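Chemist: the amino acid sequence is not available; the structure is as follows:
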């Protein structure tokens, strides 16, 4: 995949923005404890797409500390609800504090997404995918079936710090994850029921809209 922007242009665009992350202490805690949290440019794009799509119901894979769910709900219509899946019981406790203001609109589902997804019977207008990277391709059939026509899958971190495109060397233990992420990208791009693009924002984002 060609990079449409030179490094200098990427840096210039980043510098146009003062930090958008509204809870620096939460972000600092997450990063210090190796918990995934949105990059600033990813956050801006996610917030913008939520405002444009106006989803009534959102599904999130990977609640983490609740930061991304809060960003989505803060930019969604007042009656939007979100189902968010997280396997880590301790992180869920933090997420509940983060999302305290929105808990009447949030359903946190504890457990393994691969086991939970087949049990869901709702339809979603927007799916934010930010769970284990090697599992994206395994989640995909369920996500596609749960997505309404016109709905969007926002898959974060699909470049995995340059490893997926081959621009960055990686250790052997990462080989399986990279292989599976490449499979996910190939699958969504080839699927005639979707319109997909991959954009060079943050750590790479794949946006797929169901026809």
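Modeler: Received, thanks. What you are looking at is a predicted structure, and each value in this text was computed from that prediction instead of being measured. Numbers count the residues shown, from 1 in each chain.

Chemist: and the nearest residue to residue 47 once chain neighbours are set aside, what does it touch?
Modeler: Closest residue to residue 47 apart from its sequence neighbours, by Cβ to Cβ, 6 or more residues apart in numbering: residue 75 at 4.5 Å. Heads up, the C-betas are built off the backbone N, CA and C, glycines and all. The contact partners of residue 75, by Cβ atoms under 8 Å, 6 or more residues apart in numbering, come to 47, 48, 50, 51.

Chemist: just for this protein, where's the confidence low?
Modeler: Where the chain drops to pLDDT under 70, the residues are 1-7, 9-10, 12-24, 31, 34, 167-172.

Chemist: any idea which strand is longest in it?
Modeler: Ordering each strand of the chain by length in residues (DSSP state E) puts strand 147-156 first.

Chemist: tell me what that one is packed against?
Modeler: helix 40-53, strand 124-129, helix 136-146, helix 175-190, strand 205-210 (3 or more Cβ pairs under 8 Å, 6 or more residues apart in numbering; DSSP states H and E).

Chemist: from residue 68, how far out is residue 25?
Modeler: If you measure residue 25 against residue 68 using Cβ to Cβ, to the nearest Å, the figure is 16 Å.

Chemist: quick check on the nearest residue to residue 87 once chain neighbours are set aside: phi, psi?
Modeler: Distances taken as Cβ to Cβ, 6+ apart place residue 112 nearest to residue 87, at 5.5 Å, with adjacent residues excluded. As for residue 112, its main-chain torsions (degrees, to the nearest 10) stand at phi -80, psi 120.

Chemist: ok, residue 112 touching residue 86?
Modeler: No: with contact defined as Cβ atoms under 8 Å, residue 112 does not reach residue 86; the gap is 10.0 Å.

Chemist: just want to know which of the two has more residues nearby.
Modeler: Taking other Cβ atoms under 10 Å, residue 112 and residue 86 do not tie; residue 86 has more neighbours (22 against 12).

Chemist: what does that one show for phi and psi?
Modeler: The phi/psi pair for residue 86 (degrees, to the nearest 10) is phi -150, psi 140.

Chemist: just to check, it is in contact with residue 65?
Modeler: No: taking contacts as Cβ under 8 Å, residue 86 lies outside contact range of residue 65: 9.5 Å.

Chemist: shared neighbours, these two?
Modeler: Both residue 86 and residue 65 are contacted by residue 95, under the criterion Cβ under 8 Å, 6+ apart.

Chemist: the closest residue in space to residue 114 that isn't next to it in sequence: neighbour count?
Modeler: Of all residues not flanking residue 114 in the chain, residue 138 sits nearest, at 6.1 Å (Cβ to Cβ, 6+ apart). Residue 138: 15 surrounding residues under other Cβ under 10 Å.
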